[in-house]
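[1] Next one to model:
(4 chains)
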There are 2 protein chains.
Amino acid sequence: MTTIYDIAKKTGYSPTTVSKAFNNYSDVREKTRQEILRTAQEMGYLPNAHARTLTTKKSWTIGVLFVEGTGAGIRHPFFSAVIESFKQVAVAKGYALMFISKDVGGKQSGYLENCRIRGVDGVVVFLSDYNDPYFLELLESDIPTVILDYDTPQSHTVCSDNRAGALLAVNYLASLGHRRIGHISGGGNSFPGSERELGYIAAMEELGLGVPDGYIAEGAFFSRESGYDAMLKLLELPECPTAVFASGDLLALGAVMAAKDKGLSVPSDISVIGYDDIELAAYVSPALTTIRQDTEMLGTRAAEILIASIDGKGQDKEALMLPVEVVVRESCAPPGRA
Amino acid sequence: MTTIYDIAKKTGYSPTTVSKAFNNYSDVREKTRQEILRTAQEMGYLPNAHARTLTTKKSWTIGVLFVEGTGAGIRHPFFSAVIESFKQVAVAKGYALMFISKDVGGKQSGYLENCRIRGVDGVVVFLSDYNDPYFLELLESDIPTVILDYDTPQSHTVCSDNRAGALLAVNYLASLGHRRIGHISGGGNSFPGSERELGYIAAMEELGLGVPDGYIAEGAFFSRESGYDAMLKLLELPECPTAVFASGDLLALGAVMAAKDKGLSVPSDISVIGYDDIELAAYVSPALTTIRQDTEMLGTRAAEILIASIDGKGQDKEALMLPVEVVVRESCAPPGRA
DNA sequence: GCCCACAATGAAAGCCCTTTTATATTCACT
DNA sequence: AGTGAATATAAAAGGGCTTTCATTGTGGGC
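    Below you'll find the predicted structure:
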């Protein structure tokens, strides 16, 4: 392994000058720099990131904190898409991505501890449970963070506009002529889930439709199974909806299945709109009309915000909200003549 | 930031003893160790991974090399599932995962260079193009690697048994009564793709069916579009197949679509079997019969092999091949009476 | 000819930790 | 009391890099 000392010895300059040559200090002569750089090249020199980090206190590493309650882990489609675009920006700016876990060296310890030990410069957070005490510990710390799909003044946040998305969905259904619009919520305490539910309620009020009893059916964990069950409940209502806005695509898929099993056809008997535009959505039959989030932009902007924060620019916590759009496919139609 | 020196000062012991206390050296008295550990706790001491790495030359970091030709990046469903189980094993053994890219500090440099600079202990590799000169450079190096879905004596490898999978697929179709079985290949130069094709040919020979002219249709990049086109070609054959084994699920989905567009029904007119069992497979209609790889085992075993290699255990390159299974759903049936 | 500013280089200390080697202490046993 | 092990602790030398501060040399201005 070649070090700056080896280069110093070979060129006759001091280690100091070699180091400065690499770091573009203005006080090393251009001719000297060239000579050092050439020698380094010849000797196959590569800097040692750990040594550099030790002195500079900057690791050029961003931690990725991702935990999904259901245990699906990294497979979550939304996460994958966002982190990929995040990565591209980060890499372009010189950062590497490292997964942060609760354990380090095989023993439980917590995210913050792990971040400190590894010396990450910042963390991008993706959680389903934002009440996790280990996460809160990180949030309280001075480590720069950007959180996706959540809202808190304690950190930079990036999320898509869930309320607006719900509004869009309901208004789209209304524009097709629906008046009896039900909602399948994501269940529990997820931030996007409750925002979408709030958006649904607001939209219904705005349209003067109100929210009839039982029109909000709870689905758990955004799963297909719970969507199925929720739809069944909606269909049992005396005045059952002619259209349903599901808080997630998997929920919607479950709902479509339930409708089919009840002998109803989608969309001619009942319309279903989902949320997220997962890859599946385009392939199922009927292809799912849904709300699309701009996952690429989400990742890109999150990276930019986090890196700016690491660089110490902008003291205020930024709360970015990105617009969403309706993707019209086949699962919605005007209400039947029933 | 507390260091071992701070602890040394507070307890009155030397930094040496403090370090030894943490590293379970046998030559520090139990009582002393306890005192040091307690003080460390009180002072909120956390070790500095970079300093440790600098002296020990071990970073407890595993590089993740993942590039997909199509630009889908991390979204590839197969990758996500495998890496998640890989990560669990790695974390349990004390390693963190870090993405390796060609660029470092914003400038192009190559994977090997990046690995050296970051000092990763080993690398898990996932590529679509194994001819990438930057990858080859890494392969030639002395850094321990484990490669997924590929076969080379230069590295440990883990893949599922693609030939056996193809055999399984063809035999399953044959068991339903099919004799005219076509194949849609993955196209080009992917390792799993050509293995599956070889497996298909072997299976057909073994069954005494041979491979009629035009029965292998090339689909590019395992994409749905190319599967569609390939199916069209198969259907134009004078003696067209009654069943098709597609080298990937997306190809199969495209094939099903093409059949439908040609007025054929799947599976009553023509059967289609896919490969991979992507999440989609269960949701489309008809639900896709396919070959499933044990992605969890793939990741787990890859991690175990890589870590053993890092630990210097076992000199020989291991080439692990995992069994696959048929997942029967709805897209295959006995041939029609035609 | 002298002083000053400036350009170019280097010495040395420091970042935090591990490990080898040396020293000090204890104890068992003659 | 004296020797030889153990046992317990510490000193010191790295590991590779950055950065502050000092040093040397050069030319311009008076």
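
[2] spatially speaking, which residue is in the middle of chain A?
    A:L148 (4.6 Å; CA atoms, centre = their mean).

[3] who does that residue bridge with?
    Under DSSP bridges, the beta-bridge partners of A:L148 are A:V158.

[4] tell me the contacts of it?
    Under the criterion of CB atoms under 8 Å, 6 or more residues apart in numbering or on different chains, the neighbours of A:L148 are A:V82, A:V124, A:V125, A:F126, A:T157, A:V158, A:C159, A:L298, A:A302. Every residue, glycine included, has its C-beta placed from N, CA and C.

[5] and of the residues you listed, the nearest to DNA strand D?
    Distances from DNA strand D to those, taken as CB to the nearest atom of the strand, are shortest for A:V124 (25.4 Å).

[6] Can you report phi and psi for the closest one?
    When quoted as degrees, to the nearest 10, the phi and psi of A:V124 stand at phi -100, psi 130.

[7] re earlier: JSON lines please, covering the contacts of A:L148 and showing distance to DNA strand C, neighbour count and pLDDT.
    Formatted as JSON lines, the contacts of A:L148 follow (distance: CB to the nearest atom of the strand, whole Å; neighbours: other CB atoms under 10 Å in any protein chain shown; pLDDT from 0 to 100):
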{"residue": "A:V82", "distance to DNA strand C": "34", "neighbour count": "29", "pLDDT": "89"}
{"residue": "A:V124", "distance to DNA strand C": "25", "neighbour count": "28", "pLDDT": "98"}
{"residue": "A:V125", "distance to DNA strand C": "26", "neighbour count": "26", "pLDDT": "96"}
{"residue": "A:F126", "distance to DNA strand C": "29", "neighbour count": "21", "pLDDT": "91"}
{"residue": "A:T157", "distance to DNA strand C": "31", "neighbour count": "23", "pLDDT": "97"}
{"residue": "A:V158", "distance to DNA strand C": "32", "neighbour count": "27", "pLDDT": "96"}
{"residue": "A:C159", "distance to DNA strand C": "36", "neighbour count": "20", "pLDDT": "93"}
{"residue": "A:L298", "distance to DNA strand C": "36", "neighbour count": "23", "pLDDT": "95"}
{"residue": "A:A302", "distance to DNA strand C": "30", "neighbour count": "27", "pLDDT": "97"}
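
[8] how much distance is there from the helix or strand bottoming out on mean pLDDT in chain A to the middle of the chain?
    Using mean pLDDT, DSSP states H and E, the weakest-scoring helix or strand in chain A turns out to be strand A:107-108, at a mean of 73. Relative to the chain's own centre, strand A:107-108 is displaced by 26 Å; criterion: CA atoms, centre = their mean, to the nearest Å.

[9] now the strands for the stretch 151-300 of chain A?
    Applying DSSP state E, counting those that start in this stretch to the stretch 151-300 of chain A gives strands spanning A:156-160, A:181-185, A:216-218, A:243-246, A:271-273, A:290-293.

[10] can you list these in JSON lines and add distance to DNA strand D?
    Shown next, in JSON lines, are the strands of the stretch 151-300 of chain A (distance: least, CB to the nearest atom of the strand, whole Å):
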{"stretch": "strand A:156-160", "distance to DNA strand D": "26"}
{"stretch": "strand A:181-185", "distance to DNA strand D": "52"}
{"stretch": "strand A:216-218", "distance to DNA strand D": "55"}
{"stretch": "strand A:243-246", "distance to DNA strand D": "53"}
{"stretch": "strand A:271-273", "distance to DNA strand D": "54"}
{"stretch": "strand A:290-293", "distance to DNA strand D": "40"}
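
[11] Run through the residues that contact the residue of the stretch 151-300 of chain A found nearest chain B.
    Chain B sits closest to A:S285 of the stretch 151-300 of chain A, with a gap of 4.8 Å, by CB to the nearest CB. By CB under 8 Å, 6+ apart, the contact set of A:S285 is A:E330, B:V284, B:S285.

[12] quick one: which of those residues is nearest DNA strand D?
    Out of the contacts of A:S285, the member with the shortest distance to DNA strand D (by CB to the nearest atom of the strand) is B:V284, at 53.6 Å.

[13] excluding its backbone neighbours, what's nearest the closest one?
    Distances taken as CB to CB, 6 or more residues apart in numbering or on different chains put A:Y283 closest to B:V284, at 5.5 Å, once the chain neighbours are dropped.

[14] roughly how far apart are the one you found and B:A308?
    40 Å (CB to CB, to the nearest Å).

[15] A:A21 now?
    41 Å.

[16] Looking at the two, which one has more neighbours?
    Remark: of A:A21 and B:A308, A:A21 carries more neighbours, 24 against 15, as counted by other CB atoms under 10 Å in any protein chain shown.

[17] Could you tell me what pLDDT the model assigned to that one?
    On pLDDT, A:A21 comes in at 95.

[18] Tell me which of the strands of the stretch 151-300 of chain A sits most buried.
    Most buried of the strands of the stretch 151-300 of chain A, by mean neighbour count (mean count of other CB atoms under 10 Å in any protein chain shown): strand A:243-246, with a mean of 32.

[19] Need the residues that contact that strand.
    Defining contact as CB under 8 Å, 6+ apart, one finds that strand A:243-246 is touched by A:166, A:169-170, A:173, A:176, A:178, A:180-184, A:200, A:219, A:227, A:231, A:234, A:252, A:255, A:270-275, A:332, A:335.
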